[in-house]
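Trainee: After the sequence you'll find the predicted model.
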Amino acid sequence: MFSEIEKIVKKSRARYVAILKAIASGHRGWGDMKAFVEMGTGLIPDSRFSNFLEELVKYGYVKKFNGEHTIEDPIARYAILNKL
């Protein structure tokens with residue numbers, strides 16, 4: 001699993017990891033996630049943040065339902081919080 005994530009996040013690893021950690025930590029709304037990410041990685045334009053998030057949804061690491069984002073796999077969630 002980690003090798004797949006590493007390929008996707010290679011160019012902007014800190015921001016992708018921060019987004020994954022935000023979601024795994026319970027920040028599910030766009031604004032909450034963006035604030036969490038910016039605290040750790042600095043300011044990011046809204047469009048750029050949305051692109052990162054859309055990539056994670058596109059590749060199936062994050063699910064979006066009713067405007068909220070989740071990481072459904074508990075093993076992936078654990079790995080994101082404890083190994084990345």
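Mentor: Perfect, I can see it now.

Trainee: which regions of the chain sit below the pLDDT cut-off?
Mentor: 1-11 (pLDDT under 70).

Trainee: Apply 90 and report the result again.
Mentor: Along the chain, segments meeting pLDDT under 90 span 1-14, 28-29, 55, 59-61, 67, 76, 83-84.

Trainee: by contact count, what packs against the strand or helix carrying residue 31?
Mentor: Secondary structure from DSSP states H and E places residue 31 in helix 30-41. Packed against helix 30-41 by the contact rule (3 or more Cβ pairs under 8 Å, 6 or more residues apart in numbering; DSSP states H and E) you find helix 13-24, helix 46-58. Every residue, glycine included, has its C-beta placed from N, CA and C.

Trainee: Provide the angle between the direction of the first one and the direction of helix 46-58.
Mentor: Interaxial angle, helix 13-24 versus helix 46-58 (axes from the mean of the first three to the mean of the last three Cα atoms, to 10 degrees): 70 degrees.

Trainee: which outside residues touch helix 13-24?
Mentor: Applying Cβ atoms under 8 Å, 6 or more residues apart in numbering, the external contacts of helix 13-24 come out as 5-6, 8-9, 32-33, 36-37, 40-41, 44, 49, 52-53, 55-56, 61-62, 69-71, 77, 80-81, 84.

Trainee: in it, what counts as buried?
Mentor: Across helix 13-24, burial judged by 16 or more other Cβ atoms under 10 Å covers 15, 16, 17, 18, 19, 20, 21, 22, 23, 24.
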